[in-house]
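In: My questions concern the predicted model and sequence given below.
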Amino acid sequence: MAEREIKLKFGEGVISGIIALTLSILSFLGVLAFYFPEYLTTPDLRKNYSVEFIRQLMFYALILAGGLATFNIVRGFGANNRSGTKIKYLGMVSWIFISITILLGANNIEVKSFEDKQLYIGLDWFILDLLGSSLIFIIIEKLWPHRNQRVFRLGWKTDFNHFLLNHLLIGFMLLVTNHVVYDMFGWVSMLGTDVFIQTLPFWGQLLLIILLADLVQYWAHRGYHEIPFLWRFHAIHHSAKKMDWMAGSRQHLLEIIATRCLVLIPVFLLGFSKSVIDAYIIVVGLQAVFNHANVKFKFGWLQYIIVTPQFHHWHHSSDKAAIDKNYAAHFSFLDYIFGTAVKGQEEWPKEYGVVGDYVPDGLIKQQIFPFLKQLK
Ligand SMILES: [Zn+2]
Ligand SMILES: [Zn+2]
């Protein structure tokens with residue numbers, strides 16, 4: 001069945017219902033993480049937030065969800081027709097999640113002491129990143145949209161499922177990455193580059209780390225486009241026909257793991273200081289999401305130096321002039337140096353997606369796709 005876009009209009013009670021439902025489900029998931037932190041939270045992320053902060057967050061999320069769900073039910077009764085019944089349904093399901101969350105102890109659950117597990121599900125990473133990113137990016141995409149596009153636009157479910165899976169599997173991906181980076185390529189750290197790198201100031205190290213990572217990423221990305229076997233995996237990322245902050249999540253799991261390993265070998269092993277690596281990880285995370293966002297920002301001459309949404313949107317275009325172009329993730333000048341920049345990209349591309357449109361929709365189908373199809 002073809003996926004339908006969901007229309008949202010202010011004043012109908014649907015937006016309040018969706019926010020209430022999202023917050024109540026996330027609060028319920030938060031309760032599960034409180035009960036089973038050793039299996040459902042991310043050790044590296046946990047160091048960066050306090051339990052008290054999460055308690056406060058859940059408290060306010062439940063109050064907001066309760067208020068909006070009630071408004072939504074009242075609004076649904078007011079409408080008193082078929083769409084009113086659907087609207088009420090959102091509020092009622094939200095109240096079921098809110099009630100279960102409160103019955104289970106909500107923000108007051110005591111966290112027992114526990115030991116870190118080697119393998120875990122990144123439920124806290126999913127909840128916090130979804131809350132933070134949707135809050136920031138939905139607002140900027142509504143204030144400065146490049147295209148007038150719905151939040152629940154074509155393909156959103158597939159992108160959301162990729163987002164969910166990529167976050168929940170963070171533990172598994174870190175385990176594999178650490179194994180490859182440290183166990184297989186640990187010898188890189190014997191090169192003595194740390195002596196030089198440590199003499200550089202913070203900003204110098206940060207620029208160098210991003211440049212190195214992007215050089216590796218550029219050639220890996222180019223390989224994904226130019227080697228037919230690898231393209232089968234990367235075609236998943238290009239199958240998005242609508243661009244927004246969530247579209248960047250659409251990636252084959254093996255591609256994420258392989259690219260991350262390749263990029264992190266120089267990043268972790270050449271001797272950069274920890275604060276620089278942490279800053280780099282934040283830059284990658286934000287820039288990757290921002291470059292896919294549906295925003296109309298113009299950066300003038302800066303577009304020739306750093307990768308902007310407009311630059312990366314060209315990479316996703318199915319327009320003839322844009323095929324196998326604009327590979328960089330951070331520094332667009334790499335594409336100008338290596339001769340792969342789209343010419344005349346002052347405008348925006350017309351269409352996005354894979355030429356021929358042969359990639360199936362849906363998370364599972366996309367994960368199996370590279371192993372089934374013979375392309376080119
Ligand atoms: Zn690509
Ligand atoms: Zn992309």
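Out: Arrived safely, thanks for sending. Numbers count the residues shown, from 1 in each chain. Ligands and ions are numbered 1, 2, ... in the order given.
In: how far away is G78 from N72?
Out: Computed as Cβ to Cβ, to the nearest Å, the G78 to N72 distance reads 11 Å. For the C-beta atoms, the positions are set from N, CA and C on the backbone; glycine is no exception.
In: Could you check which of the two is surrounded by more residues?
Out: N72 (28 against 11; other Cβ atoms under 10 Å).
In: for the residue lying closest to K298 once chain neighbours are set aside, what are its contacts?
Out: Distances taken as Cβ to Cβ, 6 or more residues apart in numbering place Q310 nearest to K298, at 7.3 Å, with adjacent residues excluded. By Cβ atoms under 8 Å, 6 or more residues apart in numbering, the contact list for Q310 reads F297, K298, F299, Q303, Q345, W348.
In: any chance of the residues you listed in CSV, with secondary structure, neighbour count and distance to A240 too?
Out: Below are those laid out as CSV (DSSP: H, G, I helix; E, B strand; the rest coil; neighbours: other Cβ atoms under 10 Å; distance: Cβ to Cβ, whole Å):
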residue, secondary structure, neighbour count, distance to A240
F297, coil, 13, 19
K298, coil, 10, 22
F299, coil, 15, 22
Q303, helix, 17, 21
Q345, coil, 21, 19
W348, coil, 15, 15
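In: Quick check: which of the residues you listed has the minimum pLDDT.
Out: Among the contacts of Q310, Q345 carries the weakest pLDDT, at 78.
In: quick one: low-confidence parts of the stretch 1-150 of the chain?
Out: For the stretch 1-150 of the chain, residues meeting the criterion pLDDT under 70 lie at 1-12, 79-85.
In: Show me the helices in it, by range?
Out: For the stretch 1-150 of the chain, the helices defined by DSSP state H, counting those that start in this stretch occupy 14-35, 37-40, 43-46, 51-79, 82-103, 123-143.
In: Is I98 in contact with G66, as I believe?
Out: Yes: using Cβ atoms under 8 Å, I98 is in contact with G66, at 5.6 Å.
In: The two - which one has more neighbours?
Out: When I98 and G66 are compared for neighbours, I98 comes out ahead with 24 against 19, by other Cβ under 10 Å.
In: contacting residues for the more buried one?
Out: So I98 contacts S24, S27, L62, A65, G66, A69 (Cβ under 8 Å, 6+ apart).
In: let's see 10 Å
Out: Taking Cβ atoms under 10 Å, 6 or more residues apart in numbering as the contact definition, I98 lies against 20-21, 23-25, 27-28, 61-63, 65-66, 69, 106.
In: same deal with V181?
Out: Per Cβ under 10 Å, 6+ apart, neighbours of V181: V188, S189, R260, C261, L262, V263, L264, I265, P266, V267, F268, L269.
In: Could you give me the ChimeraX syntax to select whichever of the residues you listed are buried?
Out: The following ChimeraX line selects those of the contacts of V181 that are buried, judged by 16 or more other Cβ atoms under 10 Å:
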select :188,189,260,261,262,263,264,265,266,267,268,269
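In: which one among the contacts of V181 gets closest to A279?
Out: V267 (11.4 Å; Cβ to Cβ).
In: tell me which element the closest one is part of?
Out: Secondary structure from DSSP states H and E places V267 in helix 253-269.
In: which helices and strands sit right next to that helix?
Out: Here helix 253-269 touches helix 156-168, helix 170-178, helix 193-197, helix 202-226, helix 228-238, helix 274-292, helix 363-372, going by 3 or more Cβ pairs under 10 Å, 6 or more residues apart in numbering; DSSP states H and E.
In: what about 8 Å?
Out: helix 156-168, helix 170-178, helix 202-226, helix 228-238, helix 274-292 (3 or more Cβ pairs under 8 Å, 6 or more residues apart in numbering; DSSP states H and E).
In: No further questions, thank you.
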